[in-house]
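Asks: Quick one, fold the following:
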Amino acid sequence: MTEVPSSTVKSHPGLLRKGSASKMALKEKIVQIYEGFFKGEDTSLGNSNFWDEIFLLKVNVSYIQKEFDKLSGEQLVGLKENINSLFYHCIQTLRQNHPIRKVNVLQTLCALIWGVFKKSHGNYGFDVIDILIGFESAEAQMQALVETLDELLTGDSSVSLKNLGLKLLLVLLTATDNVSQNTLLEYVMINSVFETLIQLLANPVSRQNHGHDAVLILTLLVQYRKYESANPYIVKLSILDDELALNGYAQVVSSTLTDFNRQYQTSHVQQQSGGLFSAFTNMVGNMFVPDEASLEAVKANDSNLLALYEAVHLNRNFITTLTHSHAASSPATPPSSPTVPTAHAVEAAVVGGQKVEPAAASPDPNSHDQPTNLLGTFLEYSSIVMQNTKDETRFNNAKLCLIILLCITEDQYANSLMHDVNMNFRVPIHKAPMRHRKATLDKMPASRPLACALLDLMVEFITSHMMKNMPMELYIKSLGITHRVLCYQKKCRVRLQYEWKELWTALINLLKFILSNESNLIKKPTIFPMASKVVSIFNLFITFGDTFLPSPGSYDQLYYEIIRMHQVFDNLYSMALRYTSSDGEFKDAAARLANNLGNVRAIINHFTPKVDSWAAAQHLSSLTEEQVLEVVRGNYDTLTLKLHDSLDQFERYAEKPKETAFFTQLVRSIISEVRKNISVSNLQQHSILQEFSTIR
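Replies: Here you go, the predicted structure:
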């Protein structure tokens, strides 16, 4: 045997592993322990202090993940005792008041849950709970885990340690693509963390540090088997009346949407300042290259919109937070009590929620560092994402925005807030570029009730989405929102000072587009219900407009627009008759449309001869608007209209069954995004050690 030179260091193969460039590097002690663990060895034998020592060693999460990936189903089942033992000792150690051990325990638990659940996707026939914890002790262990996390999150632990505790809950919630199939969450239903999350949101300091994760966790917990059984988180969220917590919840959502609006505005200004060539290259680039960064930004907001939806949909107390003003630059701090409008505040305005005192100098309207409110911010956000709905991500985001607005406009109190003349706001509504206009934004919009901004948003959507591949579902929802606002105004006799002609023009142009593209749109079964909804809105104005339009002149203007655009309504009636006379699938829907047009046709048939006769008597070939209005005002008495039933009634929104598939898929997408963002590498990068110098 050749003698080894004395200068050569003899390496033990068990302590070495290959590093980069095939060099041999010393193994971490924790890796040696992991190797034995994954071989099925009891690494604690012969060392009574083993479990105290192992959690003082820095966790190598990526190594654990790689070892789990290598395992077959049989090998994983063979490691059941080791995994159960490690999980048990993690829980026991987490109860100790030792921050370094807690950090390592939380990271180890994340790695264990990741690893076991990831292998379960292969359908190996084992039960996740049994492999991870053990059936016999699962209930006790999960109760201990939740109780310990409660203590950690509500106690005086460091910010980073609390963040890691919340990350563990997120890892648990996103372990399966379908949250309702995650049976481990049954224990989180029994041992609730709701009160802990609410406490984090109610406290300004903890909300600043942990608000986003707390809202995300609560939102995902609400999704668990929401259609199958009683979910305690749904019940508790629906009856929550803690004003500080509700305001905190709202401000977490608002701050994220405000950031998006600010970034969009900055990007928009930069494009405009780039000159003609820059604008041209941006336009050409966007035609051929999908804006991945923009798509990711929109997708990232899905969870915030879902949080807003659940709060609006489930909790009527949340409605009051929609118009509470707070500082956008410090989204964690809510008002200590609701602000009461004063005589001076009546004239105040809010830009996307940005408050502008009338006596003060005008602020920068593009600034999002002014006081803000959630509803104004949300309306501005909606105007941005609704500009382009061609891809699935933006379509779904816009759809969720419209569903939220449906819920808001069905609420009596929300409508009263939006129509309150003592609560005026400046809300920027972004408008998409079209053939006849550039992308526009009114930098200093008028100070008006929020209902005006909402109607502006609906008018803009109706106007800007008339395309070959028409988003019919979104149109139906936008018309439903408009109808609900009008029903409230009719019921409460609210005379909103609004430029109603813009809405009437948009609706007539929509009918004109339907007629021009009948051959293409008739393939979609919603064409007749959509046209009927438009006509029903006109019927609501015709029948009850005198009770909610701002002046008699507005009512006269309505008749003028109907008479002026009579050809559109005549053609629509002819189209309906064509389908009524055949035995096709649209016969009944076409008959309803023809019947709904009765009053519109009565107006046209009554006033058109009067106008023509007056013009002939005056020897005029064409009339001015004022001349037509004069004829209209003088001939109301002889007009006979039919009173349609249920014009001010609508089918209330219900998530189940119509939107069940949409929300199920949306939650899957959100879980995928959250899981991607809580990556193994990110988990190891927590800057927790920086805080240990202050921990005793």
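
Asks: Can you pull the poorly scored residue ranges out of the stretch 401-550 of the chain?
Replies: The stretch 401-550 of the chain contains residues with pLDDT under 70 at 436-443.

Asks: Going along the chain, name the helices of it.
Replies: All helices of the stretch 401-550 of the chain, identified by DSSP state H, counting those that start in this stretch, fall at 412-418, 450-464, 472-492, 500-516, 518-521, 527-548.

Asks: For the first one, name the packing helices and strands.
Replies: Of the remaining helices and strands, those touching helix 412-418 by 3 or more C-beta pairs under 8 Å, 6 or more residues apart in numbering; DSSP states H and E are helix 392-410, helix 450-464, helix 472-492. For glycine as for every other residue, the C-beta is placed from the backbone atoms N, C-alpha and C.

Asks: In contact with the closest residue to residue 450 other than its chain neighbours, which residues?
Replies: Distances taken as C-beta to C-beta, 6 or more residues apart in numbering put residue 418 closest to residue 450, at 4.3 Å, once the chain neighbours are dropped. Residue 418 is in contact with 375, 408, 449-451, 454, 485, counting by C-beta atoms under 8 Å, 6 or more residues apart in numbering.

Asks: Just send the residues you listed back as JSON lines, with neighbour count and distance to residue 324 too.
Replies: Formatted as JSON lines, the contacts of residue 418 follow (neighbours: other C-beta atoms under 10 Å; distance: C-beta to C-beta, whole Å):
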{"residue": "375", "neighbour count": "30", "distance to residue 324": "9"}
{"residue": "408", "neighbour count": "24", "distance to residue 324": "15"}
{"residue": "449", "neighbour count": "20", "distance to residue 324": "16"}
{"residue": "450", "neighbour count": "26", "distance to residue 324": "13"}
{"residue": "451", "neighbour count": "22", "distance to residue 324": "18"}
{"residue": "454", "neighbour count": "24", "distance to residue 324": "18"}
{"residue": "485", "neighbour count": "23", "distance to residue 324": "21"}
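
Asks: With respect to residue 140, which of those is nearest?
Replies: Taking C-beta to C-beta as the measure, residue 140 lies nearest residue 408 of the contacts of residue 418, at 44.1 Å.

Asks: which non-adjacent residue is nearest the closest one?
Replies: Among residues not flanking residue 408 along the chain, residue 414 sits closest, at 4.8 Å (C-beta to C-beta, 6+ apart).

Asks: Can you give me the neighbour number for the one you found?
Replies: If you count neighbours by other C-beta atoms under 10 Å, residue 414 ends up with 24.

Asks: ditto for residue 567
Replies: Other residues lying near residue 567 total 11 when counted by other C-beta under 10 Å.

Asks: Same check on residue 46?
Replies: By other C-beta under 10 Å, the residues close to residue 46 number 7.

Asks: That one - that's part of a strand, no?
Replies: No. Counting by DSSP: H, G, I helix; E, B strand; the rest coil, residue 46 falls outside a strand, being coil.

Asks: Make 28 the starting number, not 1.
Replies: Fine by me, first position is 28 from now on; the one you just mentioned is residue 73.

Asks: Can you pull the phi/psi pair for it?
Replies: phi 80, psi 0 (degrees, to the nearest 10).

Asks: any idea of the pLDDT on it?
Replies: Predicted confidence (pLDDT) for residue 73: 76.

Asks: List the contacts of it.
Replies: Residue 73 neighbours (C-beta under 8 Å, 6+ apart): none.

Asks: What's the separation between it and residue 63?
Replies: In this view, residue 73 and residue 63 are 12 Å apart by C-beta to C-beta, to the nearest Å.

Asks: Are there residues contacting both of those two? Which ones?
Replies: Joint contacts of residue 73 and residue 63 (C-beta under 8 Å, 6+ apart) do not exist.

Asks: May I have stretch 493-502 exported as CSV, CA atoms only?
Replies: The C-alpha coordinates for stretch 493-502 follow below in CSV (Å, rounded to 0.1, in the frame of the first residue of the first chain):
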residue,chain,number,x,y,z
MET,A,493,-67.3,47.4,-27.9
MET,A,494,-65.1,44.9,-29.7
LYS,A,495,-65.4,41.8,-31.8
ASN,A,496,-64.6,39.6,-28.9
MET,A,497,-67.0,41.4,-26.6
PRO,A,498,-66.8,40.6,-22.9
MET,A,499,-70.5,39.9,-22.5
GLU,A,500,-70.3,38.7,-19.0
LEU,A,501,-68.6,41.9,-17.8
TYR,A,502,-71.2,44.0,-19.7
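
Asks: what does that stretch rub up against?
Replies: So stretch 493-502 is contacted by 413, 416-417, 422, 425-426, 429, 488-489, 492, 536-537, 540, 544, 547-548, 551, 553-554, 557 (C-beta under 8 Å, 6+ apart).

Asks: shaky segments in this structure?
Replies: Along the chain, the parts satisfying pLDDT under 70 run over 28-54, 149-153, 297-320, 353-399, 463-470, 706-723.

Asks: At the geometric centre of it, which residue do we find?
Replies: Central residue of the chain (C-alpha atoms, centre = their mean): residue 332, 1.5 Å from the mean position.

Asks: what's near enough to touch that residue?
Replies: For residue 332, the contact set (C-beta under 8 Å, 6+ apart) comprises 424, 427-428, 431.

Asks: Closest to residue 596 out of the residues you listed?
Replies: Checking the contacts of residue 332 against residue 596 by C-beta to C-beta gives residue 428 as the nearest, at 30.9 Å.

Asks: For that closest one, list the residues it contacts.
Replies: 332, 405, 408-409, 412-413.

Asks: Quick check: it vs residue 409, distance?
Replies: 4 Å.

Asks: ok, now residue 246?
Replies: From residue 246 to residue 409 the distance is 19 Å (C-beta to C-beta).

Asks: And for residue 172?
Replies: The gap separating residue 172 from residue 409 is 40 Å, by C-beta to C-beta.

Asks: Output stretch 252-270 as PDB - backbone C-alpha positions only.
Replies: What follows is stretch 252-270 as a C-alpha-only set of coordinates in PDB (Å, rounded to 0.1, in the frame of the first residue of the first chain):
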ATOM      1  CA  ARG A 252     -65.000  24.200   2.300                       C
ATOM      2  CA  LYS A 253     -67.100  27.300   2.200                       C
ATOM      3  CA  TYR A 254     -69.700  25.600   0.000                       C
ATOM      4  CA  GLU A 255     -69.800  22.300   1.800                       C
ATOM      5  CA  SER A 256     -70.000  22.900   5.500                       C
ATOM      6  CA  ALA A 257     -70.200  25.600   8.200                       C
ATOM      7  CA  ASN A 258     -66.900  27.500   8.300                       C
ATOM      8  CA  PRO A 259     -66.400  29.200  11.600                       C
ATOM      9  CA  TYR A 260     -64.200  31.900  10.000                       C
ATOM     10  CA  ILE A 261     -67.100  32.900   7.700                       C
ATOM     11  CA  VAL A 262     -69.400  33.200  10.700                       C
ATOM     12  CA  LYS A 263     -67.000  35.200  12.800                       C
ATOM     13  CA  LEU A 264     -66.100  37.500   9.900                       C
ATOM     14  CA  SER A 265     -69.700  38.100   9.100                       C
ATOM     15  CA  ILE A 266     -70.500  39.300  12.700                       C
ATOM     16  CA  LEU A 267     -67.300  41.200  13.400                       C
ATOM     17  CA  ASP A 268     -68.000  44.600  14.700                       C
ATOM     18  CA  ASP A 269     -64.600  45.700  16.100                       C
ATOM     19  CA  GLU A 270     -64.300  49.100  14.400                       C
END
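
Asks: now that stretch, how far from the centre of its chain.
Replies: Relative to the chain's own centre, stretch 252-270 is displaced by 19 Å; criterion: C-alpha atoms, centre = their mean, to the nearest Å.

Asks: mind listing what's buried in that stretch?
Replies: 252-253, 258, 260-261, 263-265, 267, 270 (16 or more other C-beta atoms under 10 Å).
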